[in-house]
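Novice: I would like the atomic coordinates for the input below:
(one chain, ligands or ions: 1)
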Amino acid sequence: MHEQTACMSRLRTSDVVIAGGGIIGLSLGLELLQRGLSVVVLERDQAMQSASWAAGGMLAARDPENSPALLPLSLHSLALYPAYLDRVRTLSDQPVPIRTRRTLQQVRPSYSAGADVTFDDAKKWVPGLPETDGKFVWLEEDSFDPRDLCRALPMAFLAEKGILLEKTPVLGVECSSSAVVVETTREQIHAATFVNCRGAWAGDMHFGGIPVEPVKGQMVTVALAAERLRCVLRTPKFYAIPRGDGRVAIGATIEQAGFDANVHEQYIAAILHTAAEFIPEVEHASRLESWTGFRPGTPDDLPILGAADASNCWHATGHYRNGILLAPATARVMAQLIFGETPDLPLKVFSPARFPLKTALDACSSVSYSAR
Ligand SMILES: Cc1cc2nc3c(=O)[nH]c(=O)nc-3n(C[C@H](O)[C@H](O)[C@H](O)COP(=O)(O)OP(=O)(O)OC[C@H]3O[C@@H](n4cnc5c(N)ncnc54)[C@H](O)[C@@H]3O)c2cc1C
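Specialist: Modelled structure (predicted):
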């Protein structure tokens, strides 16, 4: 239980209230605390137990499946990552080790980013790799186990004197030009600023009508010999992420299935079958864990970062498949916006205003996604 202060009165005040205790809400909260603001993060359930827990942990800035419009923010986030992780590790006194340093990415023959890999070199890293139509490139790309961050990030936030109220859903927000009043199941909070960081749930309340929809992912971890795979292997159909200790996380489905949290055996079997075409031992490997998570999807696969329709309210959500990668840059540019500073990067492409209200609501019902 991360709650830090027992609330004696029913009214609390804070500079900023953030709804959603995932990587986006807590990373932004940490950034704002370090700029001297008081911050309350309200989490409906338990912090870092939704998409941020379910993720693979790849910092996949150059994944060819990403929208090109995402690259500048992705590269900015990569540049901020070492300092971000150091800060979290130092404040929490918890390890968050980098588990892999490079990704063997299968691409179409015309793809030009990354360093080409000869088939013989690729086989040194992934023995048994079959000859395929596509070519492989090396991407200099780190990964870590999000479960490490799930332990460390809430502790870092608390160490900076943030207030994290778990089991405390936001029920509504009243906004005026001078303040916001946030209603929760437990108490009312008066603040200068409210930020909607509710991941896949961010579109379900009536301040802005942003088109965020859950995009379900199912993943599985298997046990392989620790040295069997020494880099991330990613193809358009699956990825395998070794944790360095014999665990290999394999994913992921991309499904429009609402908030169905069930693991479906036939999907897990299909992922494993595809992975076994590249890593034959996967077929008979012990399964350690399988799970689901809900990516916050948007109609154009880009995050929604910026001012909401209502005064003093902001959105930082819709990070779809890249919220782990994008957390440090999101925290930084959102803090800059909230402080009225010019953000490090132009953010127009991520503006909530790119979805006019009616269009946004229409898009909610017609959003479609292609499989990796
Ligand atoms: C299978 C899978 C694999 C992925 N792999 C990667 C990867 O390798 N690399 C990468 O960069 N990204 C990856 N992602 C994407 C990444 O996990 C997400 O983009 C990121 O975690 C989103 O973070 P978030 O904080 O916005 O959402 P979340 O982590 O979902 O947090 C949102 C929080 O808001 C809370 N909430 C909702 N409603 C309310 C309310 N009314 N009041 C209070 N709290 C509320 C929820 O309980 C939740 O804890 C993956 C996602 C999935 C599902």
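
Novice: show me what residue of the stretch 251-372 of the chain gets nearest to the ligand.
Specialist: Closest to the ligand within the stretch 251-372 of the chain is Gly323: 2.2 Å, counting by Cβ to the nearest ligand atom. Placement of C-beta: from N, CA and C, glycine included.

Novice: and that residue, helix, strand or coil?
Specialist: When classified by DSSP: H, G, I helix; E, B strand; the rest coil, Gly323 comes out as helix.

Novice: could you check the pLDDT of it?
Specialist: Here, the pLDDT recorded for Gly323 equals 98.

Novice: so what's it up against?
Specialist: 22-24, 51-52, 55, 199, 295-296, 303 (Cβ atoms under 8 Å, 6 or more residues apart in numbering).

Novice: looking at those, which are in strands?
Specialist: 295-296 (DSSP state E).

Novice: among the contacts of Gly323, who's most crowded?
Specialist: Ile24 (32 neighbours; other Cβ atoms under 10 Å).

Novice: mind listing what the closest residue to it other than its chain neighbours touches?
Specialist: Distances taken as Cβ to Cβ, 6 or more residues apart in numbering place Cys197 nearest to Ile24, at 4.5 Å, with adjacent residues excluded. The contact partners of Cys197, taken as Cβ under 8 Å, 6+ apart, are 18-20, 22, 24-25, 28, 316-317.

Novice: then Ile189?
Specialist: 11-14, 17, 40, 42, 181-182.

Novice: from Phe339, how far off is the residue of the stretch 251-372 of the chain closest to the ligand?
Specialist: 23 Å (Cβ to Cβ, to the nearest Å).

Novice: same check on Val40?
Specialist: Distance from Val40 to Phe339, by Cβ to Cβ: 18 Å.

Novice: more neighbours, the two?
Specialist: Val40 (24 against 11).

Novice: wait, a strand at the more buried one?
Specialist: Yes: according to three-state DSSP, Val40 belongs to a strand.

Novice: test my guess that it contacts Val17.
Specialist: Yes: counting by Cβ atoms under 8 Å, Val40 touches Val17, with 5.0 Å between them.

Novice: shared neighbours, the two?
Specialist: With Cβ under 8 Å, 6+ apart, Val40 and Val17 have common neighbours 189, 191.

Novice: mind checking how far the closest residue to Thr185 other than its chain neighbours is from the ligand?
Specialist: Nearest residue to Thr185 in three dimensions, chain neighbours excluded: Pro169, at 5.6 Å (Cβ to Cβ, 6+ apart). Distance from Pro169 to the ligand, counting by Cβ to the nearest ligand atom, to the nearest Å: 4 Å.

Novice: cool, Glu160 as well?
Specialist: 18 Å.

Novice: do you know the pLDDT at Leu42?
Specialist: For Leu42, pLDDT reads 98.

Novice: tell me the contacts of it?
Specialist: 17-21, 165, 168-170, 182, 184, 189.

Novice: repeat the analysis, applying 10 Å as the threshold.
Specialist: Going by Cβ atoms under 10 Å, 6 or more residues apart in numbering, Leu42 touches 17-21, 25, 163-171, 182, 184-187, 189, 194, 197-198.

Novice: please list only the buried members of those residues.
Specialist: Neighbour counting over the contacts of Leu42 (16 or more other Cβ atoms under 10 Å) leaves 17-21, 25, 163-166, 168-170, 182, 184, 186, 189, 194, 197-198 as the buried ones.

Novice: mind listing the helices in the stretch 201-350 of the chain by residue range?
Specialist: With DSSP state H, counting those that start in this stretch as the criterion, the stretch 201-350 of the chain has helices at 265-278, 323-338.

Novice: what residue ranges in the stretch 51-200 of the chain score low on pLDDT?
Specialist: 133 (pLDDT under 70).

Novice: circling back to that earlier point, any idea how far the residue nearest to Ile24 lies from Ala270?
Specialist: In terms of Cβ to Cβ, Cys197 sits 32 Å off from Ala270.

Novice: do Arg287 as well
Specialist: Distance from Arg287 to Ala270, by Cβ to Cβ: 14 Å.

Novice: list the buried residues in stretch 30-41.
Specialist: Buried residues in stretch 30-41, counted by 16+ other Cβ under 10 Å: 30-33, 37-41.
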